[in-house]
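Enquirer: here you go, sequence then predicted model.
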Amino acid sequence: MNNEIKYGLYSGIAFSLWVVMEFTTGLHNNHMDVAQYTEMFAMVIPWIFIFSGIRNRKNSLQNGRLTFGEGVRAGMIISLVSSCLIAGFLYVYVNAINTGYSFAKLEFIQSELLEENLTKEKFNQQMEAYKTMYNATFLSHLSLLVMFASMGVVISAIISLFLRTKKISPSDN
């Protein structure tokens, strides 16, 4: 199997398993104050697999040679595969597995915003934005796919800067 596809699948599956674990422990509906932090870890999971996939491409598939462009390309493919899996899973998750998640998340966000003592106009504006984000429609999950893939490209570029090596030209062999 292609290196990038394999790591993209691993990333999407690991993210999905993490979310299912959060659901089975009750974090997503009953302890949103804790879930806000565990969800941050879930966002790091794809980074780990992007790094691993780029490093694997460099070490085993490219004989230790990797240009910046090759690293970004590898990470972009990993993040695209991963993003498709994650967005698809989250759509199923909020519409079939944990149908109360969006309500619980919005309720938690509302309580957080109320503590900030915002003006009524600012509060309503922010709540409308969050309601749009957590409305569980296909379009909102498509925007998640684009967001995750875009973040993956940026992360790939950063990782590729650190892992890149110059190619040895054929005349050096």
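Expert: Received, thanks. Numbering: from 1, shown residues only.
Enquirer: lowest average confidence, helix or strand, in the protein?
Expert: Using mean pLDDT, DSSP states H and E, helix 27-30 stands out as the lowest-scoring helix or strand of the chain, at a mean of 79.
Enquirer: contacting residues around that one?
Expert: With CB atoms under 8 Å, 6 or more residues apart in numbering as the test, helix 27-30 has contacts from 19, 22-23, 34-35, 38, 98, 100-101, 104-105. Placement of C-beta: from N, CA and C, glycine included.
Enquirer: where are the low-confidence patches of this protein?
Expert: Across the chain, the ranges flagged by pLDDT under 70 are 1, 165-173.
Enquirer: ok, and the closest non-adjacent residue to L145?
Expert: A87 (3.7 Å; CB to CB, 6 or more residues apart in numbering).
Enquirer: the one you found: neighbouring residues, count only.
Expert: Using other CB atoms under 10 Å, A87 has 21 neighbouring residues.
Enquirer: where's it relative to N56, distance?
Expert: 24 Å (CB to CB, to the nearest Å).
Enquirer: same thing with S160?
Expert: Using CB to CB, S160 is found at 13 Å from N56.
Enquirer: neighbour count for the two, which is higher?
Expert: Applying other CB under 10 Å to S160 and N56 shows that S160 carries more neighbours, namely 25 against 16.
Enquirer: contacting residues around S83?
Expert: S83 touches 12, 46, 144-146, 148-149, 152, counting by CB under 8 Å, 6+ apart.
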